[in-house]
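[1] only geometry, no sequence info:
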């Protein structure tokens, strides 16, 4: 990999802001009652999405979790169409059938977010198997939280992926909490990367709030995958500054803990790095403001977009015409 | 030449693999032929990358097959016993079934999950169940339950070509059944029932192995002058209500027979639909024959005592007003 240029880092700085501001809009609209359901925000975890997806081509397949807005945007999905989906509009990525927890965007090989913790892992392995079986060069990437490691299918999938040497990158965003309960109450295994060793899957634990570290480690992992060396598990230590879902009062953690982690904000950290490298503060502010304008415009347009036609509610349960062809 | 159910499944898989390079088989022991020999020799013929053994990890292999189906393969996954599908339920119910809908039609899951169900030979409570009703409850799935080798041949090929997630339920009692296979038999479409025997006094609705109990009952009833029409549903979801309606409109009586327990069974759904859609046609209440509400016991004497059969169907028909 050629080292990223200063312009590359500025692009990633912009990408971080787009996700941060996108989710701030979601939070604001949810508070105003405009977002159905209960979206889960990744505020504070954006560097993982941006640092990993920077190395993915359009053909690389992405699976994510209930906390997936950032991954989808980092993979290239359109801001407005993603907004529209989360607002339940016809022009949304899934025409309002999926919503925040079930984002799919085939045009960018975002093949799905799942609302059931750990449910996405085996699907990603399957996408990797399909690529392997059909001789395609793409890889599969799946993002999940540390809570997913409590599910049996996590371990089943690691075993299978290692056994078949599947080109799948497991990216764990270890934010220290599985829903409302700290990791120490879920498992004696402190680091998710430890689970990789018995299956001989290479793994690494890194600071997930340091975009430079994520970018570099993801590059190493993906390079190994593309060489056909089998799966890799990248554990990114991070912290969600938002609640588990929008509306979570977060009584399970202290103000001090939140304040301490705000200091580790990945956007602030990249900003400090760029300032140290001589980028002017005005330029960085302008990048942030530009992202704010983009997000605001996308949100406004999505809010004005038409709602789905109730008569279409039975579309796409099966392929068109299948039920009509029989008496059902 | 006579083909057993197992041999004919193998032939259908073999032909579909030859026809379409996207078809891949996976499951526990399938490369070695599978627990019942269905896939014997296919790994040697089509290659180890297309017929793959998996660990005993039903959740992961169902997810794997689903993910692969999203990305261009047409996997045929074997879940050795339907009882083990309990371990795959998150994927089947929450993901496989809903992908097309949740993605707004962007994706489809062309996946066939072959599994084997029903009671026979002392397989006992965890290897004998008839759990089809659980799956019939899930929008997005297709559920097929063939009644004979010839039916299984055509329906499996149709299922592989369908492009929807299909649960293909094979009854272990049928595995040794043998039939001739015509060379040019058309493939039965998914979603279409067949009349297994024509009759005029009562419609017996069955699927899978129970079709044979219904045919046996029809023969017994014929000896005492009662003419039974037997419908083999073949596909349970979606249900071919048109064939049922046409038959019940002629016979004005219906008995539904399945091996699954009656409580919450598929017969309840069919009875409800006949009751609401064909009320004016009925000369008698719709009756159901099924398993009493108990797990399948181990001892052969107990297994026989529990399982419904042709005697139960004959008794149910004879209790109908006008046929006693």
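    Nice, I can see it. Note that this is a predicted model, so its numbers are computed, not measured.
[2] distance of the residue nearest to residue A:121 when sequence neighbours are not counted from residue A:41?
    Of all residues beyond its chain neighbours, the one nearest residue A:121 is residue A:157 (4.3 Å), with distances taken as CB to CB, 6 or more residues apart in numbering or on different chains. Any C-beta I mention is one placed from the backbone N, CA and C, and that applies to glycine too. The gap separating residue A:157 from residue A:41 is 26 Å, by CB to CB, to the nearest Å.
[3] Compare the two and say which is more crowded by neighbours.
    Using other CB atoms under 10 Å in any protein chain shown as the criterion, residue A:157 and residue A:41 rank with residue A:157 on top: 32 against 26.
[4] can you pull out the helices in chain A?
    With DSSP state H as the criterion, chain A has helices at A:6-31, A:46-53, A:69-75, A:79-86, A:121-133, A:152-163, A:211-226, A:255-262, A:266-276, A:281-304, A:322-325.
[5] I meant chain B, not that one.
    Assigned helices in chain B, in chain order: B:5-19, B:42-46, B:58-70, B:89, B:99-102, B:132-136, B:149-162, B:210-223, B:241-251, B:266-277, B:300-306, B:310-318 (criterion: DSSP H).
[6] which of those helices is buried the deepest?
    helix B:58-70 (a mean of 30; mean count of other CB atoms under 10 Å in any protein chain shown).
[7] Whether that helix contacts chain A - can you check?
    Yes. Using CB under 8 Å from any CB of the partner chain, we find that helix B:58-70 touches chain A at B:59, B:60, B:61, B:62, B:63, B:64, B:65, B:66, B:67, B:68, B:69, B:70.
[8] can you name the two of the residues you listed that are farthest apart?
    Maximum pairwise distance among the residues of helix B:58-70 next to chain A (CB to CB): 16.9 Å, between B:59 and B:70.
[9] Given the longest strand seen in chain B, what are its sheet partners and their directions?
    Looking across chain B with DSSP state E, the single longest strand is strand B:254-261. If you go by DSSP bridges, strand B:254-261 pairs up with strand B:202-206 (parallel), strand B:287-291 (parallel).
[10] can you redo these as a markdown table with mean neighbour count, distance to residue A:116 and mean pLDDT?
    What follows is those, written out as a markdown table (neighbours: other CB atoms under 10 Å in any protein chain shown; distance: least, CB to CB, whole Å; pLDDT from 0 to 100):
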| stretch | mean neighbour count | distance to residue A:116 | mean pLDDT |
| --- | --- | --- | --- |
| strand B:202-206 | 29 | 35 | 98 |
| strand B:287-291 | 22 | 31 | 98 |
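[11] out of everything not next to it in sequence, what's closest to the residue nearest the centre of chain A?
    In chain A, the residue lying closest to the centroid (CA atoms, centre = their mean) is residue A:71, at 2.8 Å. Closest residue to residue A:71 apart from its sequence neighbours, by CB to CB, 6+ apart: residue A:64 at 4.3 Å.
[12] Tell me what that neighbour is bridged to.
    With DSSP bridges as the rule, residue A:64 is bridged to residue A:113.
[13] Hmm, it is touching residue A:110, no?
    Yes. The criterion here is CB atoms under 8 Å, and residue A:64 meets it with residue A:110 at 7.5 Å.
[14] For the stretch 1-150 of chain A, give me the ranges with low pLDDT.
    Applying pLDDT under 70 to the stretch 1-150 of chain A flags no residue at all.
[15] how about 80 then?
    Across the stretch 1-150 of chain A, the ranges flagged by pLDDT under 80 are A:1-2.
[16] Up against chain B, what does it have?
    A:61, A:63, A:92-98, A:102, A:104-106, A:111-112, A:114-116, A:119, A:121-131, A:133-134, A:140.
[17] Which PyMOL command selects the buried ones in those residues?
    Selection of buried members from the residues of the stretch 1-150 of chain A next to chain B for PyMOL, criterion 16 or more other CB atoms under 10 Å in any protein chain shown:
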select buried, chain A and resi 61+63+92+93+94+95+96+97+98+102+104+105+106+111+112+114+115+116+119+121+122+123+124+125+126+127+128+129+130+131+133+140
